[in-house]
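# Build me a model:
(2 chains)
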Amino acid sequence: AQSVSQHNHHVILSEAASLELGCNYSYGGTVNLFWYVQYPGQHLQLLLKYFSGDPLVKGIKGFEAEFIKSKFSFNLRKPSVQWSDTAEYFCAVLSGGSYIPTFGRGTSLIVHP
Amino acid sequence: DAGITQSPRHKVTETGTPVTLRCHQTENHRYMYWYRQDPGHGLRLIHYSYGVKDTDKGEVSDGYSVSRSKTEDFLLTLESATSSQTSVYFCAISESGDTQFFGPGTRLTVL
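Next up is the predicted model:
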């Protein structure tokens, strides 16, 4: 079965620090990749997604992610975080042809002002 | 935001009582999903639907049933609620079975 690993469960940063959250998956075939964000007390929202093409994907609020097929990774990055980025971040992977995504367990990010 | 509502938004109930949560969409999306979110477990899929009257089980379906009699509504029923079903429940929809849009969630407490 497909599995998704988010190695960082809790990350604490100061404002203006750079961010990288790891996401690795196990499926070796075609995948669609997603990062969702959940702000405190809210529902999940799409941050960015990769289906095909340029492996460097840019999303909302200055986030980007890079798909590295050889490493089965889709890490999320932001060069300079803000207090408002405090949230939980979920990586999700959809195997080719499936409509049931596999979610990682999430990474809680706290940004201190 | 996609047109998804969940009702009720909060519910407190007692062990052994039946509970039904409703997800309503105005997007005419084909796919609908029910998840539960618990600390340390992330999102876990309970049931999903790939069309009217077409549903299937997810990874944590025990104790839950669903129905989808029309495109816009997806109901989740706990036949006899237990304390282990205390959770936050999210509905999600998807037009093509890829990107999902989530509802605001229902916080359920089973005493």
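# quick one, what contacts B:Tyr48?
Under the criterion of C-beta atoms under 8 Å, 6 or more residues apart in numbering or on different chains, the contact partners of B:Tyr48 comprise A:Tyr99, A:Ile100, B:Tyr31, B:Met32, B:Tyr33, B:Trp34, B:Thr55, B:Asp56, B:Gly58. All C-beta atoms are positioned from the backbone trio N, CA, C, and that covers glycine.
# list the contacts for A:Gly53?
With contact set as C-beta under 8 Å, 6+ apart, A:Gly53 has no partners.
# in chain A, which spans are strands?
For chain A, strands defined by DSSP state E occupy the ranges A:4-5, A:10-14, A:19-21, A:24-25, A:31-38, A:44-50, A:56-58, A:64-68, A:73-78, A:87-95, A:102-103, A:107-112.
# what does chain B have sitting close to chain A?
Selection of chain B residues close to chain A by C-beta under 8 Å from any C-beta of the partner chain yields B:1, B:31, B:40-43, B:45, B:48, B:50, B:58, B:90, B:92, B:94, B:96-105.
# closest point of chain A to chain B, which residue?
Evaluated by C-beta to the nearest C-beta, chain A has A:Tyr99 as its residue closest to chain B, separated by 2.8 Å.
# Against B:Thr15, how distant is that residue?
Per C-beta to C-beta, to the nearest Å, A:Tyr99 is found 34 Å from B:Thr15.
# List the contacts of the closest residue to the residue of chain A closest to chain B other than its chain neighbours.
Excluding the flanking residues, the one nearest A:Tyr99 by C-beta to C-beta, 6 or more residues apart in numbering or on different chains is B:Gly97, at 2.8 Å. Contact partners of B:Gly97, counting by C-beta under 8 Å, 6+ apart, are A:Leu94, A:Ser98, A:Tyr99, B:Arg30, B:Tyr31, B:Tyr50.
# in which helix or strand would I find B:Arg22?
Using DSSP states H and E, B:Arg22 sits within strand B:19-25.
# partner strands of that strand, parallel or antiparallel?
strand B:4-7 (antiparallel), strand B:73-78 (antiparallel) (DSSP bridges).
# Save those as TSV, and put in mean neighbour count too.
Formatted as TSV, the strands paired with strand B:19-25 follow (neighbours: other C-beta atoms under 10 Å in any protein chain shown):
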stretch	mean neighbour count
strand B:4-7	18
strand B:73-78	20
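# Using CSV, please lay out those strands together with mean pLDDT.
Formatted as CSV, the strands paired with strand B:19-25 follow (pLDDT from 0 to 100):
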stretch, mean pLDDT
strand B:4-7, 97
strand B:73-78, 98
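# Any residue of stretch A:61-77 touching chain B?
No - with C-beta under 8 Å from any C-beta as the measure, stretch A:61-77 is seen stopping short of chain B, the closest distance being 14.6 Å.
# For that stretch, measure first residue to last.
End-to-end span of stretch A:61-77 (C-alpha to C-alpha, to the nearest Å): 11 Å.
# A:Tyr99 and B:Thr15: who's more crowded?
Between A:Tyr99 and B:Thr15, A:Tyr99 has the larger neighbour count (other C-beta atoms under 10 Å in any protein chain shown), namely 16 against 12.
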